[in-house]
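**Student:** Output the structure for:
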Amino acid sequence: MEHKTNCPIESDEGSTIETARNSPASPASHIEVAEIGETGSGISQVRFFIENMHCRSCVSRIENALKILPDILSYSVDLKGQTVDVDYQTEMESLSLIRTAVESTGHKISKIASL
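**Tutor:** Residues are numbered from 1 along each chain as shown. I've put the predicted structure just below:
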């Protein structure tokens, strides 16, 4: 699937979008994974390195995929840096859910690292 043909906006580089979440919702390969850090308060922080995220439409797709997941406290999608940072409640099986949600948008995760 050629993702670029689905993106109506070709250049909106440098956008960083942050969203905080407090209410629960229903959830909807091989990747280098660093040890995921926990803040000590039951919250983990992770950074996903994304391939082929090149426009505002890409950012919106990823945001829409993340906002329906339960127990995500906040996320930040950085178009220029090609990253997605997520804070989530550690007890949820969220790393797998978050990864699946991001990949369902047509983007590939090249690396996952702790913040």
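
**Student:** neighbours around L73, how many?
**Tutor:** 14 (other C-beta atoms under 10 Å). Backbone N, C-alpha and C define where each C-beta goes, glycine included.

**Student:** give me phi/psi at it?
**Tutor:** phi -90, psi -40 (degrees, to the nearest 10).

**Student:** got a pLDDT number for it?
**Tutor:** At L73, the pLDDT value in this model is 92.

**Student:** ok, the closest residue to it other than its chain neighbours - contacts?
**Tutor:** Ranked by C-beta to C-beta, 6 or more residues apart in numbering and with sequence neighbours excluded, the top spatial neighbour of L73 is D87, at 4.5 Å. Residues near D87 by C-beta atoms under 8 Å, 6 or more residues apart in numbering: 43-45, 72-75.

**Student:** Determine the three-state secondary structure at D87.
**Tutor:** State at D87, reduced to three classes by DSSP: H, G, I helix; E, B strand; the rest coil: strand.

**Student:** Which strand residues bridge it?
**Tutor:** Q45, S74 (DSSP bridges).

**Student:** lowest-pLDDT helix or strand in this structure?
**Tutor:** strand 16-20 (a mean of 42; mean pLDDT, DSSP states H and E).

**Student:** Tell me where the protein has strands.
**Tutor:** With DSSP state E as the criterion, the chain has strands at 16-20, 32-33, 37-38, 43-51, 72-78, 83-89, 108-114.

**Student:** can the ones you listed go into TSV with extra columns for distance to I98?
**Tutor:** As requested, the strands of the chain are exported to TSV (distance: least, C-beta to C-beta, whole Å):
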stretch	distance to I98
strand 16-20	14
strand 32-33	12
strand 37-38	15
strand 43-51	7
strand 72-78	7
strand 83-89	6
strand 108-114	9
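
**Student:** weakest of these by average pLDDT?
**Tutor:** Looking at the strands of the chain, the weakest mean confidence is strand 16-20, a mean of 42.

**Student:** What separation is there between G42 and I109?
**Tutor:** According to C-beta to C-beta, to the nearest Å, G42 and I109 sit 24 Å apart.

**Student:** Right, I'll leave it there.
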